Structures are given as C-alpha cells and as structure tokens.
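All I have is the shape, not the residue letters:
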C-alpha cells in the first residue's frame, strides 16, 4: 500500500471519529436540555397550584397567616428570579418555597376542618405528586448532566477541543 493511501485512510478515520464524537456530544446536550425542560414544566405546574392552595387555606380565618404569607412571598421570589434568570437566587427561592409548603402541610394537621376540605385535599395531593415528579426527574437530570460532563471531559482528553468550541461552557 502506498503512503498516500495510508494517509487518506488515516484522515478518513480521524474525520469519522470526530463526527461521531461531535454527534454524541450534541445528543447529550439535547438530552440534558430536555430533562431540565421537563423539570421546568413541573415547577410551573406547581407554581400554578400554589395560589389555589393558599386560597383554600385562607377560607379558614384562623389558619396561620404567617405561613401563607411566607409561601406567597417565596412564590413571588421564584417568579422574579426565574424571569431574571438568576440561578443562585432561583435555587434559594425554590428552597424557601419548599420549606413554606412543608410548613403548610405540617400546620394543616392542627386544623381538622381544613383537612376534611375536599378541594384542599385534591390540591395537596396534586402538589405532592408534582414534588415527587420534580424529585424523580431531578435525579435523572443530575445523572444526565454528570454523563454530559464526563463525556465532554473524556472527549477533550482525546484532543478534540476544536469540536467542543461550538458548545456552551457547561457542556465542554
């Protein structure tokens, strides 16, 4: 075999390898984006249910207004952080919102008439279901993000940094 043929075969192998690596990284990037989009949908659904839950609780005048106020304020902070795309503030606000919901669910035990309310029970079940979905999808998103990081760093070790230059900083 002549050296020119060997050279072109090697070039072809390198190009095919580069294309395969690039396509794998693109697919991982899209999978991670899709997973986070699914979580965003669940978070929006939960945020849409919260005003209904607060209203159901407000019907019982003696229900602790401070707890309801905390949930309402936390929801407002989540919305403003989400609109500003401030991820650290969004994480803090989501934590405060989760804590407020936990307080509502804990305080409800002291109000048997509220606990007997059909609308409240449906909202509580819906929000609990959404929270479980967020937790389930959050775990799988973390796995996908970890896979993405591992794959990107292993491909950059193979000196394919020019391929990675087309990705946002979090991917390569």
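Structure's in. What do you need? What you are looking at is a predicted structure, and each value in this text was computed from that prediction instead of being measured.

Downstream of the helix or strand hosting residue 36, the next helix or strand is which one?
Element membership for residue 36, per DSSP states H and E: helix 3-58. Tracing the chain C-terminally past helix 3-58 and defining elements by DSSP H and E, one meets helix 65-84 next.

okay, the angle between the next helix or strand after that following helix and helix 3-58?
Using DSSP H and E, the helix or strand that directly follows helix 65-84 along the chain is helix 87-107. Interaxial angle, helix 87-107 versus helix 3-58 (axes from the mean of the first three to the mean of the last three CA atoms, to 10 degrees): 40 degrees.

Now tell me what touches helix 87-107 from outside.
Here helix 87-107 makes contact (CB atoms under 8 Å, 6 or more residues apart in numbering) with 43, 50, 53, 57, 63-64, 67-68, 70-71, 74-75, 77-78, 81-82, 124, 127, 131. Where C-beta positions appear, they are placed from N, C-alpha and C, glycine not excepted.

go with 6 Å
With contacts defined as CB atoms under 6 Å, 6 or more residues apart in numbering, helix 87-107 is touched by 64, 67, 70-71, 74, 77-78, 81-82.

And for stretch 71-82?
Stretch 71-82 is contacted by residues 50, 89-90, 93-94, 96-97, 100 when judged by CB under 6 Å, 6+ apart.

picking up where we left off before, sort the contacts of helix 87-107 by pLDDT and name the bottom one.
Within the set of these, pLDDT is lowest for residue 64 (73).

which secondary element of the protein has the worst mean pLDDT?
Across the helices and strands of the chain, mean confidence by mean pLDDT, DSSP states H and E is lowest for helix 161-164: a mean of 48.

If you rank the contacts of helix 87-107 by neighbours, which is first?
residue 78 (23 neighbours; other CB atoms under 10 Å).

Kindly provide the distance from it to residue 26.
Per CB to CB, to the nearest Å, residue 78 is found 31 Å from residue 26.
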